[in-house]
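K.L.:
got a predicted structure here, sequence first:
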Amino acid sequence: MRVLYIVLLHLITPLVLLRLWWKGRLQPEYRQRIAERFGHVPEAPVAVWVHAVSVGESLAALPLIEALIRRHGEGNVWVTTTTPTGSARVSAALGSRVRHSYIPYDLPGAVARFLDRARPRQVVVMEKIGRASW
């Protein structure tokens, strides 16, 4: 099953790139920093990698990220997001105190490249579960 999954990911990659280009018509940020989505990031080993998908998870993660910065020092926390809005929120709130990039696509080469360059000792994944009903 894993081989099939990887083959399918490679087959849909051109469609994913086309989607980024298409979304970039209205939001140019989608066309920027595409290399990060394939794990091409600067080499910078960190203590903790925090993945926050979009704006909601980024906002929810801010207190945790602040605590991690206090514990491990500035520049020792790497935050990944998937959307330009999440990226903008992280940059606005944390600036250069954290490293930030888009999370690499789930392709073996992209993930391995990212992990080889970031070398996190811990990983935290922020995920919204379910829907709140008021």
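P.N.:
That came through fine.
K.L.:
give me the phi and psi for L9.
P.N.:
Backbone torsions for L9, taken as degrees, to the nearest 10, come to phi -60, psi -40.
K.L.:
number of nearby residues for it?
P.N.:
15 (other CB atoms under 10 Å). For every residue, glycine as well, the C-beta is placed using N, CA and C.
K.L.:
contacting residues around it?
P.N.:
105-107 (CB atoms under 8 Å, 6 or more residues apart in numbering).
K.L.:
cool, and V16?
P.N.:
Counted by CB under 8 Å, 6+ apart, V16 has contacts Y105.
K.L.:
can you put the contacts of L9 in TSV and add distance to H10 and neighbour count?
P.N.:
Shown next, in TSV, are the contacts of L9 (distance: CB to CB, whole Å; neighbours: other CB atoms under 10 Å):
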residue	distance to H10	neighbour count
Y105	10	19
D106	11	10
L107	7	16
